[in-house]
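Q: kindly return the folded structure for what I paste below:
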Amino acid sequence: MLTKAATYADVRRALRWDIPERFNMGVDVCDKWADADPDRLALIVEDESGRVARHTFGEVRALSNRMANLYLALGLGRGDRVGILLSQSLETPVAHVGAWKAGLISIPMFVLFGEDALEYRLKDSGARAVVTDAAGLAKIAAIRDRLPELQAILTVGAGADGATPGQRDLHAELAKASPDFAPLKTAAEDPALIVYTSGTTGNPKGALHAHRTLLGHLPGIEFPHEFFPQANDLMWTPADWAWIGGLMNVLMGSWHHGVPVLASRARKYDPDRAVDLMARHGVRNTFMPPTALRLMRQVANIRERFRPGLRTLACAGEPMGAELLDWGRAAFGVTINEFYGQTECNLVVANCAALMPVKPGSMGVAVPGHEVAVVDARGREVAPGTVGKIAVRRPDPVMFLGYWKNPEATANKFVGDWLLTGDEGHRDDDGYLWFLGRDDDVITSAGYRIGPGEIEDCLIRHPAVALAAAVGVPDPVRTEAVKAFIVLKPGHAPGPALEEDIRAFVKTRLSPHEYPRLIEFRQSLPLTATGKIKRKELREAEKG
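A: Numbers count the residues shown, from 1 in each chain. Prediction:
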């Protein structure tokens, strides 16, 4: 936990990592609080109809213990993978915490993923079980025969058992399981979590994290949330808990400190509803992508509607800019603390307005406990003001163990002891870091990082598409929008109907945030001598 001090340098000097040899995330975020005070509030759940339920750490311990016993009863053993295809709900942390207590590896998956996206992640990870709801079951059922390692599908509110091979009603099975469980004494280095991240070519890669990643996240939560926790803190985010930002920055980071979390995520983000929700529950801390904040600017009289108001507001996922910073101060009466990280090495740069001035446009400084630098292609630190690659030095407790079953990609992520983030930037004389852009083809849209390779793979499966390229183009709200350049097969003609069909094809197979909002039909695409698409040339053409 960060020690409050007068200066950033003092806070940085005071932090010393203390990673125990044995550590289990499930015990840390749940059982330690249930032991101390089983009636301590852990979770407030408001569903789309407005119904509210409150759950204590004692309840979460009993349910996650039942979950761990259920996993073992299904034949799962240490190191087996469990896919969790649920949105913000009680069952989501129960499924994760139960998996960690049992020594399993959980895999958060976005509920809006389509069948192709789910099939790849479940097949690549070799998941033996999935926890989902009725909507998720329909997708899993469509690909069930292509997942030979999948043994059990535990469903919430999905009707009768057995409609799909391996399907069981989650709550019925939990009721049969014992609420007593002795968690495995896992090592801090033991694997606990796979979070899939998009790459620039081909399919996504699974970033494998150890139990220690929770401890590594903590300074990056406490710093932008201004020495979190404080009295009466209550955390909420509109971000899905399938992403590392929602799961670790918000849910598990708060639970480590015994801070309650609000669970409520509409099918579509509504900024007016978000303001009402925060006001109704007295939310004091939130993490929001800049796109969500930009959409919230249309909401009138936020400070009058939302009292006593936020204590901290943190954002990440895309550059914020000075205009949004000024609006946040006027609308909420707080300074938005921008932070930075990525799935492989999260929460390593941040601002903390309570401790230091926020420079508009800067991502902030290295979070205490992490060594972040700007380096050249050989891993040598460059002088202030010099553009280079943003990098994080290993070892670092928040850093991933490696990409799942992909040692080559893991090795390519490093130059010496520096993990290369894939972003370019520079550091100023005061130590603030400034993001300039990606050094690869990842698209940043509405806070999501989208790999063009997965989109292109999907596009060329459309019966009319011969060749496709996906790039990010400037968008005033989302930062970037996905644009597809398409060469059609003989016998197919471009037109509005075909455009819509192609968009729907991607939206239903991958996810709504990955489909191309813009489509341009071409006779050919620029290629390298080895046949690779020159995405940079397409992006440059868009800039004019």
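Q: sheet partners, orientation included, of the lowest-mean-pLDDT helix or strand in the chain?
A: Ranked by mean pLDDT, DSSP states H and E, the weakest helix or strand in the chain is strand 448-450, scoring a mean of 78. In the sheet, strand 448-450 lines up against strand 443-445 (antiparallel) (DSSP bridges).
Q: so for the partner strand, mean pLDDT?
A: Mean pLDDT, strand 443-445: 83.
Q: which residues touch that strand?
A: Contacts of strand 443-445 with the rest of the structure, by Cβ atoms under 8 Å, 6 or more residues apart in numbering, involve 317-318, 438, 449-452, 470-472, 475, 478-482, 513. Where you see a C-beta, it was placed from the backbone N, CA and C, and this is true even at glycine.
Q: related to what we said a few turns ago, which residues are contacting the least confident helix or strand of the chain?
A: With contact meaning Cβ under 8 Å, 6+ apart, strand 448-450 is reached by 197-198, 317, 342-343, 442-444, 472, 482, 513-514.
Q: among the residues you listed, which one is most surrounded by other residues?
A: residue 443 (27 neighbours; other Cβ atoms under 10 Å).
Q: check the gap between that residue and residue 423 for me.
A: Remark: distance between residue 443 and residue 423 (Cβ to Cβ, to the nearest Å) = 13 Å.
Q: buried subset of the contacts of strand 443-445?
A: Buried residues within the contacts of strand 443-445, counting neighbours by 16 or more other Cβ atoms under 10 Å: 317-318, 438, 449-452, 470-472, 475, 478-482, 513.
Q: among the residues you listed, which are in strands?
A: Mapping the buried ones among the contacts of strand 443-445 onto strands (DSSP state E) picks out 438, 449-450, 470-472, 475, 479-482.
Q: domains for this protein, by residue range?
A: For the chain, automatic domain parsing gives the domain ranges 21-211, 443-543.
Q: hey, least reliable of those domains by pLDDT?
A: Comparing mean pLDDT across the domains of the chain, the weakest is domain 443-543, with a mean of 86.
Q: which residues sit in contact with the residue nearest to the spatial centre of the chain?
A: Residue closest to the mean C-alpha point of the chain, counted by Cα atoms, centre = their mean, is residue 243 at 2.1 Å. Going by Cβ under 8 Å, 6+ apart, residue 243 touches 108, 110, 195.
Q: same question, residue 184
A: Residues in contact with residue 184, defined by Cβ under 8 Å, 6+ apart, are 24, 78, 101-103.
Q: for residue 311, which non-adjacent residue is spatially closest?
A: The shortest distance from residue 311 to any non-neighbouring residue, by Cβ to Cβ, 6 or more residues apart in numbering, is to residue 284 (4.4 Å).
Q: quick one: the one you found from residue 337, how far?
A: Distance, residue 284 to residue 337, using Cβ to Cβ: 14 Å.
Q: tell me which of the domains of the chain approaches residue 252 most closely.
A: domain 21-211 (5.2 Å; Cβ to Cβ).
Q: endpoints of the closest one, how far apart?
A: Taking Cα to Cα, to the nearest Å, domain 21-211 runs 11 Å from one end to the other.
Q: picking that back up, how far away is the residue nearest to residue 311 from residue 431?
A: Relative to residue 431, residue 284 is positioned 29 Å away (Cβ to Cβ).
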